[in-house]
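J.: Attaching a predicted model along with its sequence, questions to come.
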Amino acid sequence: MTPAMNTPRFAVDTMLGRLARWLRLLGYDTLYDRQLSGRALMRRARTEGRTVLTRDRKLDGDLQCPVCFVESDHVREQVQQVVHTFALTRFDGLLTRCVCCNCAVVPVAKQDIAHLVPAYVLATHARFARCPRCGRAFWRGTHVARVRAELAAMGFGQAPDDTT
């Protein structure tokens, strides 16, 4: 997914790690760092043009950074709130980011990733991707169906099927 000028970028506080993971699964640039909280998170978000997602009502907007207070403790409801609040209607970036370090994954040739994946996966899959930062390997395994089912359960219907 090529980021559009109006595609939101998020900075998620330490209370919302599962939400950060879901936003990355959906393809959204999402800063999540357990070392960043409070004012440090807000400064970084302001510098990088991100909206802070937090459950901390004590954070104020004096650092000129947009803040969205996440109401629920439940990740499914958190994802629904963010999707609706920011009108995230397209999921064509689904599974295009590393869920661990937020980098956009890049397609790689099968032979270049053979040493990173189980033999069965190598024999049964044709398309692979890799995170350029942490080196994790990605392929269209059974997790894709689980992600799609969870999105449907959240009320978001079908996501595009042309992912890694």
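T.: Structure's in. What do you need?

J.: How many residues are close by Asp73?
T.: Using other CB atoms under 10 Å, Asp73 is surrounded by 10 other residues. C-beta coordinates here come from the backbone N, C-alpha and C atoms, glycine included.

J.: number of nearby residues for the nearest residue to it once chain neighbours are set aside?
T.: Residue nearest to Asp73 in three dimensions, not counting chain neighbours: Arg55, with 7.8 Å by CB to CB, 6 or more residues apart in numbering. Burial of Arg55 is recorded as 16 neighbouring residues (other CB under 10 Å).

J.: where in this structure is pLDDT low?
T.: 1-5, 60-63, 158-164 (pLDDT under 70).

J.: Domain-wise, how is it divided?
T.: The record's domain split for the chain, according to automatic domain parsing, is 10-85, 106-153.

J.: For Arg130, see how far away Val99 is.
T.: 13 Å (CB to CB, to the nearest Å).

J.: could you dump the domains of the chain to CSV with distance to Leu94?
T.: Shown next, in CSV, are these (distance: least, CB to CB, whole Å):
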stretch, distance to Leu94
domain 10-85, 6
domain 106-153, 7
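
J.: Quickly compare these and say which is most buried.
T.: Mean neighbour counts were compared across those using mean count of other CB atoms under 10 Å; the top stretch is domain 10-85, at a mean of 18.

J.: For that domain, measure first residue to last.
T.: Start-to-end span of domain 10-85 (CA to CA, to the nearest Å) is 13 Å.

J.: do you know how far the residue nearest the centre of the chain is from Gly38?
T.: Taking CA atoms, centre = their mean, the centroid of the chain lies closest to Arg24, which sits 0.7 Å from it. Computed with CB to CB, the distance linking Arg24 and Gly38 is 22 Å.
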